[in-house]
Structures are given as structure tokens and as C-alpha cells.
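In: One predicted model, sequence on top.
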There are 2 protein chains.
Amino acid sequence: MNYNTETEQKILSAAAEVFLEKGKGAARMQEIADRAGINKALLHYYFRSKERLYDEVFKRLVSDFFNELFDAIQDIEDIQLLLKAFIDNYIDLIAQRQRLIRFIIWEIETGGGKMVELLKTIMQERGLTTIPIEVKIQKAIQEGKIAPVDSRHLILSLIGMCIYPFIARPIVENIFQGIQVTSTEFLQQRKTEIFNLIWNGIKK
Amino acid sequence: MNYNTETEQKILSAAAEVFLEKGKGAARMQEIADRAGINKALLHYYFRSKERLYDEVFKRLVSDFFNELFDAIQDIEDIQLLLKAFIDNYIDLIAQRQRLIRFIIWEIETGGGKMVELLKTIMQERGLTTIPIEVKIQKAIQEGKIAPVDSRHLILSLIGMCIYPFIARPIVENIFQGIQVTSTEFLQQRKTEIFNLIWNGIKK
DNA sequence: GTCTATACATCGATAGAC
DNA sequence: GTCTATCGATGTATAGAC
């Protein structure tokens, strides 16, 4: 039993909780220490500063998300199945990680440097030099399977449609009475509506 | 000349700058005072607390945005022209207010209460009880002008596609080398691609 | 490795003179 | 209305005993 690593893990999961709930700026080292069942001094002993602790937590959470997404769609070649799988998995992964979006947006909005670096690292680790889905969309266009849209814009549209309800959740649920963004019913509807819109929009 | 009001305006515009740049949490009353050319004490004399100053700034900036959007599309009845106008105006208004999005997202992610209240107020002031575009989409469906999609999902898709490139701007510009989200060229492409995708997706 | 105690900085807010 | 000076709370980080 390695006491060192055990404490480190307790700190990391407590820090993930607090950072996700409060955001980096409002997160307090005291609260992280409390939830980990230790004191502030030990936090700095293990991670030196709040900044470094945050970096470590951010890296782990975001890497998990993107690796799961890449895993889910990497072997699909048929464009229709690929789009369906992308939408389904993106929405499910986000639905399971609602607070992670705030986390990523907070980070992006401080310049996005960490996020860009992390994405590069993740792609490098997977041996990717291009975005797989972009290449597959372009291939489908060349083979005449879908209309000649701009692949980059299609990807931006896909992600935007999937992610927006989660970003604007309080407003969406208030403006559209009856919608519960996390309900199984809404998630299923959302997947279907996005796929139908996209597919009708680009099929030949 | 009313000195009272003049100082108040200087404070409000300085506060808007700082809040937009730093966000509510990281904004400092000292910096707002400096930019307004006064001292901290006077800030509290006029607005009592940071919270109230923030509320006032938030209300003004967000109201302006939505009022401009509503003004731009309220008289359009034809569904095709309406969708085109919504996309064009939404993208232009956001492009002119890049930092406002962070502002709104920050606010949403602390619960969204202020945003919901503000939207209700804005709609009340305009005498609206429903969302105009939702009603017009449903009317177009009933009249058989577009396919019977879910109007709420269509609106979510529209906004998501318009707003996403601005939210994820640093990532988008890095992943898609060559894209400059704020360039006239990209904005024009984006408007066209969104409209074409939507219209092909729902036209009969 | 883990603790207590504390240094040191910063921030929002206010008191009080003018 | 506007200023200077300062309070009180809170935050990160560290020193030093065990």
C-alpha cells in the first residue's frame, strides 16, 4: 500500500469535484483540503500550487472525454453511420459530464492555450495528424455520397447543435417549458432531430 | 450639466469594460475605479456593492443585444426570409460582441437566474408572451411550407450553429488552420452554410 | 508525510474629513 | 460628491514541529 499515491488520488478527486462545481477562480484550496480529508499544507506539499493542481485535474478530465469520443467513432467508415455515431456519442458523453463543459469553456475563455495544447497531445498520442471525421467527410463528398458542403463548417454545425442545449441549459429549460435537457426523452429527441436535419441537408 | 449622472456613466462604461474582460469574479473594483478616473469609495457611493454594479452592467449589455435581435426579425413573416435574417443578424450581433458571450455564459453557469429574469423582462417590455420565431416556424409547418420538424429543436439547432464558433474560437482557429472566426470571409461562409444546411434539411 | 500556526497579499467595503 | 485611510475577511503559500 502506497500512502503517498493514495493521498494524491484523494486530492485529485476532491479537486475535480470542487473545480467542476466552482470553476478555477472561485475554487478554494481550503474546500479541496476539507473534501480530501486533509489540510491545506498537504495540498501544496503534493501539488505545489493551485495552478498546478488545476492543470493536472483539467488534463485528466478533458483527456478522458476526447479519448472516449475518438474511441467510439474511429473505426466507422460509412458516412451516415459515422454522423449518427458522432451525434449519439457526443451527446451521451456530454450528458454524463454536464459540468465538464463549463470547465472547458472557462478554460477556453482565458485564451484557450491549455486546451489547444492538450488537444494536440491527445491527437499525438493517438498518432493522428488530421481530424479523422474531417477526412471521412471529404472522402464521402469526393465519392459523391453527400452534397459538396464545406467539411469544416459541417463539423462546426454538428458540434454546435449537440452542445448548445447543455451550455444554455437554464435558459432552454425556462424558455421551453417542459424540456428537461438531461431527460432520456429529450436526449433521444435531440439525437434524432440533429441527425435528420443534417442528413436531409447534405444527402444527395 | 449633471455631474452626478456624468460620473455614473463613466463608472458604468469602465465597469462594462472590466467585467467583459475579466468576468465577474476576477474583475476588481480597483481597476474599475482606475479606468473611470475615480477611487473605490465613489464606486460604492454610487452602486453600493460590486454585485449591484455588475447587475446593472449585465442588464444593459444583454438587453441591447436581444432588443437589436428582436428588432431585426420581428416583422418578417416569410419563413425562408425569417430564417435567413435570424442567422445573419445573430451572427453579426455576436461578432460585434465577442466578449458578451463569455459574459452570458459565465452568468448562465452560476445558475442562470439573472439571465432568465432578464429575458422575461425584455419579452414583457415588448409585449411578447411567446417566442415569435417559434410561432412562425409552427405556422410554416401547418401551412405545409416546411417539413414537420420540432420547432424547439430547430431553434436550438439554429442558435447552436451560429454561436459555437465564437464560443470555441481559440480551438476552432487552431484545429482548422486558416479560419479566422471574425473575418468577413468566414462570417459570410458561416451564414451561407448554416442557411443551406437548415433549408435543405427542412424544405419540402 | 502530516499537522498547526502564521506570514503575506489582496479584495470589498466603510468611516470620516473636506 | 469626492477624497484618503483603513478595517475585516479571505485567499494562497510556507515555516517548523512531530
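Out: Thanks, I have it. Note that the structure is predicted; figures quoted are calculated from it, not measured. Numbers count the residues shown, from 1 in each chain, chains lettered A, B, ... in the order given.
In: For residue B:150, see how far away residue A:189 is.
Out: Going from residue A:189 to residue B:150 by CB to CB, to the nearest Å gives 7 Å. For every residue, glycine as well, the C-beta is placed using N, CA and C.
In: Then residue A:25?
Out: Distance, residue A:25 to residue B:150, using CB to CB: 38 Å.
In: So between those two, which is more surrounded?
Out: For residue A:25 versus residue B:150, neighbours defined as other CB atoms under 10 Å in any protein chain shown are more numerous around residue B:150 (17 against 13).
In: pLDDT score assigned to the more buried one?
Out: On pLDDT, residue B:150 comes in at 98.
In: Would you mind splitting chain A into its domains for me?
Out: With domains defined by automatic domain parsing, chain A comprises A:1-48, A:58-202.
In: Of these, which shows the lowest average pLDDT?
Out: domain A:1-48 (a mean of 88).
In: Distance from the chain centre to that domain, please.
Out: 22 Å (CA atoms, centre = their mean, to the nearest Å).
In: How about that domain and chain B, touching?
Out: Yes - contact of domain A:1-48 with chain B (CB under 8 Å from any CB of the partner chain) involves A:23, A:25-26.
In: What sits closest to residue A:67 if chain neighbours are left out?
Out: residue A:122 (6.7 Å; CB to CB, 6 or more residues apart in numbering or on different chains).
In: How is that neighbour assigned, secondary-structure-wise?
Out: Here residue A:122 is recorded as helix under DSSP: H, G, I helix; E, B strand; the rest coil.
In: count of neighbours near it?
Out: Quick note: residue A:122 (other CB under 10 Å) scores 17 neighbours.
In: Can you tell me which residues in chain A are near DNA strand D?
Out: By CB under 7 Å from any atom of the strand, the residues of chain A that approach DNA strand D are A:27-30, A:40-41, A:44, A:48-51.
In: Which of these fall within helices?
Out: Counting by DSSP state H, the part of the residues of chain A next to DNA strand D found in helices is A:29-30, A:40-41, A:44, A:50-51.
In: can you list those residues in TSV and add neighbour count?
Out: Below are those laid out as TSV (neighbours: other CB atoms under 10 Å in any protein chain shown):
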residue	neighbour count
A:29	18
A:30	12
A:40	14
A:41	9
A:44	15
A:50	17
A:51	10
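In: of the residues you listed, list those near DNA strand C.
Out: Contacts with DNA strand C are made by A:40-41 out of these, judged by CB under 7 Å from any atom of the strand.
In: Using JSON lines, lay out the ones in helices among the residues of chain A next to DNA strand D together with distance to residue B:117.
Out: Shown next, in JSON lines, are these (distance: CB to CB, whole Å):
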{"residue": "A:29", "distance to residue B:117": "33"}
{"residue": "A:30", "distance to residue B:117": "32"}
{"residue": "A:40", "distance to residue B:117": "37"}
{"residue": "A:41", "distance to residue B:117": "43"}
{"residue": "A:44", "distance to residue B:117": "41"}
{"residue": "A:50", "distance to residue B:117": "33"}
{"residue": "A:51", "distance to residue B:117": "35"}
